[in-house]
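K.L.:
have a look at this fold, sequence not included:
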């Protein structure tokens, strides 16, 4: 492994330059205007895999954006690792809040990242983290130190719900056969305290539309006599949570997995500074469901949040209009045992019941995903634990993330395989927000750690 680490050190600048080239392409999967850029990025990933030493590299068509596949089978007797990542990114909006153009990567030093961080859309989520695996793979192949068979599946639709991944996995079940799925789309507690994500929340995402009169009206002539959809929508949304910030949808909590007092106590031992948390977010106080800590609210409890709300006139100056329609996008993060389809139906039924006769309501379900839990007594988890301990010189802490990665439950259902979530990002990396960035320390530490995972995994599997 010394040769691998020496190779990585020698090629650090090139590995960074190549990532910067990748980040320059606006592979926004949600916007059809970027379709050619998404396709261009898929080809770039395929080319990088070929140069790194992968065989049978394919850019596989789907009904949407392509999936890039590649493999290197060293010995069929060895365990096989399927590396999953995504090359698509979130829209950069609002662009005006970026300190530098989102697709013109720049490296800047910050208090958290004294060695520098790459500022660009997709830097952390997930181009930077996905690319770590290709570079680590390259180093292992170049030094004849690949201890496992490796397969890559890099998709272009994660940010829009991986809508075609299920079908792809079912059709290619034999091709994707493996012993473990390895994903870096999560983070660590800090650059001094590593962690491994063992739990993810699920997701139910909907869009609601409230319609009043058939057209916009003069608010002076009709105000007070006709329902204002924005007013109605605001009241409906406000009623979705009670005074203790508990979600007020009947049946919403019926299947929630209750976490034991022992596990909650262990969870709250993770390093956490409330003062720093509030300072970093520039808030005077935290907010959430009564009876739970901030760490618990952000991981083991379900949520309901309005992600966007609009309607009426929002241009310069004033326009006294009573709008015809009002809209909102709402996401619900789910915990183990909650079914996203069931929750979506419960929301739809309840939300429609809240509407007065003066308006019409439409609820459109978008993408969702199931929650997931990963065991910590497997060779896969132990390999990740030992790898991170080797590079960070400290035991990683198992944590439950508040985020959602729907493909984890998909892989378990379709491929019958568990996933190891070995990410290297930080909560402060502003993913999905303006000024997204990824620390150079984190990028290089990920590339350095991944080869040790393969080494330990092969050794642990041979002992079984």
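P.N.:
Right, received. Where do you want to start? As the structure is a computational prediction, the values presented were derived from the model and not from experiment. Numbers count the residues shown, from 1 in each chain.
K.L.:
okay, helices next: where are they in the stretch 351-464 of the chain?
P.N.:
With DSSP state H, counting those that start in this stretch, the ranges of helices along the stretch 351-464 of the chain come out as 379-392, 407-414, 440-463.
K.L.:
for residue 132, which of these is the nearest?
P.N.:
With respect to residue 132, and counting by CB to CB, the nearest of the helices of the stretch 351-464 of the chain is helix 440-463 at 3.9 Å. Any C-beta I mention is one placed from the backbone N, CA and C, and that applies to glycine too.
K.L.:
so which elements touch the closest one?
P.N.:
Packed against helix 440-463 by the contact rule (3 or more CB pairs under 8 Å, 6 or more residues apart in numbering; DSSP states H and E) you find helix 2-10, helix 12-23, strand 117-119, helix 127-142, helix 379-392.
K.L.:
quick one: mean pLDDT over the longest one.
P.N.:
Helix 127-142 shows an average pLDDT of 98 in the prediction.
K.L.:
what angle separates the helix or strand just after it from helix 440-463?
P.N.:
Sequence-wise, the next helix or strand downstream of helix 127-142 (DSSP states H and E) is strand 149-155. Inter-element angle recorded for strand 149-155 and helix 440-463: 130 degrees (by axes from the mean of the first three to the mean of the last three CA atoms, to 10 degrees).
K.L.:
strand partners (parallel or antiparallel) of strand 149-155?
P.N.:
Next to strand 149-155 in the sheet, as set by DSSP bridges, lie strand 67-72 (antiparallel), strand 80-86 (parallel).
K.L.:
any stretches of the stretch 351-464 of the chain with poor pLDDT?
P.N.:
Scanning the stretch 351-464 of the chain for pLDDT under 70 picks out 464.
K.L.:
at 90 instead, please
P.N.:
The model of the stretch 351-464 of the chain has pLDDT under 90 over residues 367-370, 372-375, 401-409, 463-464.
K.L.:
can you redo the helices of the stretch 351-464 of the chain as TSV with mean neighbour count and distance to residue 268?
P.N.:
Below are the helices of the stretch 351-464 of the chain laid out as TSV (neighbours: other CB atoms under 10 Å; distance: least, CB to CB, whole Å):
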stretch	mean neighbour count	distance to residue 268
helix 379-392	21	21
helix 407-414	20	24
helix 440-463	21	25
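K.L.:
figure out which of those helices is closest to residue 306.
P.N.:
helix 407-414 (25.4 Å).
K.L.:
and that closest one, what does it pack onto?
P.N.:
helix 165-171, strand 180-183, strand 360-369, strand 372-373, strand 419-421.
K.L.:
what lies in contact with that helix?
P.N.:
With CB atoms under 8 Å, 6 or more residues apart in numbering as the test, helix 407-414 has contacts from 84, 158, 162, 165-166, 169-170, 173, 181, 183, 200, 202, 369-372, 374, 417-419, 421.
K.L.:
what do you get if the cut-off is 7 Å, keeping everything else the same?
P.N.:
By CB atoms under 7 Å, 6 or more residues apart in numbering, the residues outside helix 407-414 that reach it are 84, 162, 165-166, 169-170, 173, 181, 200, 369-370, 372, 417-419.
K.L.:
and stretch 158-175, by the same measure?
P.N.:
Counting by CB under 7 Å, 6+ apart, stretch 158-175 makes contact with 29-30, 60, 62-64, 67, 86, 88-90, 126, 155, 157, 176, 366-367, 406-407, 410, 414-415, all of which sit outside it.
K.L.:
can you list the buried residues in that stretch?
P.N.:
158, 159, 160, 161, 162, 163, 164, 165, 168, 169, 172, 175 (16 or more other CB atoms under 10 Å).
K.L.:
gap between the last one and residue 78?
P.N.:
Distance, residue 175 to residue 78, using CB to CB, to the nearest Å: 17 Å.
K.L.:
between the buried residues of stretch 158-175, which is nearest residue 269?
P.N.:
residue 158 (31.7 Å).
K.L.:
per-residue confidence for the closest one?
P.N.:
What the model reports for residue 158 is a pLDDT of 94.
K.L.:
got it, and the one 3 residues further on?
P.N.:
You'll see residue 161 listed with a pLDDT of 85.
K.L.:
96 is where my numbering starts, stick with that
P.N.:
From this message on, residue numbering opens at 96, which makes the last subject residue 256.
K.L.:
what about residue 280, how many residues nearby?
P.N.:
Using other CB atoms under 10 Å, residue 280 is surrounded by 25 other residues.
K.L.:
please identify the helix or strand for it.
P.N.:
Residue 280 is part of no helix or strand, with elements assigned from DSSP H and E.
K.L.:
wait, it sits on residue 219?
P.N.:
No. Contact criterion CB atoms under 7 Å: residue 280 and residue 219 do not qualify, at 9.1 Å.
K.L.:
among the helices of the stretch 446-559 of the chain, which is nearest residue 395?
P.N.:
helix 502-509 (16.4 Å).
K.L.:
related to what we said a few turns ago, want to throw the helices and strands packed on helix 535-558 into CSV with distance to residue 313?
P.N.:
Formatted as CSV, the helices and strands packed on helix 535-558 follow (distance: least, CB to CB, whole Å):
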stretch, distance to residue 313
helix 97-105, 67
helix 107-118, 49
strand 212-214, 46
helix 222-237, 49
helix 474-487, 63
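K.L.:
show me which of the buried residues of stretch 253-270 is closest to residue 407.
P.N.:
residue 255 (27.6 Å).
K.L.:
ok, which of the helices and strands packed on helix 535-558 comes nearest residue 381?
P.N.:
Going by CB to CB, the one of the helices and strands packed on helix 535-558 nearest residue 381 is strand 212-214, 25.9 Å.
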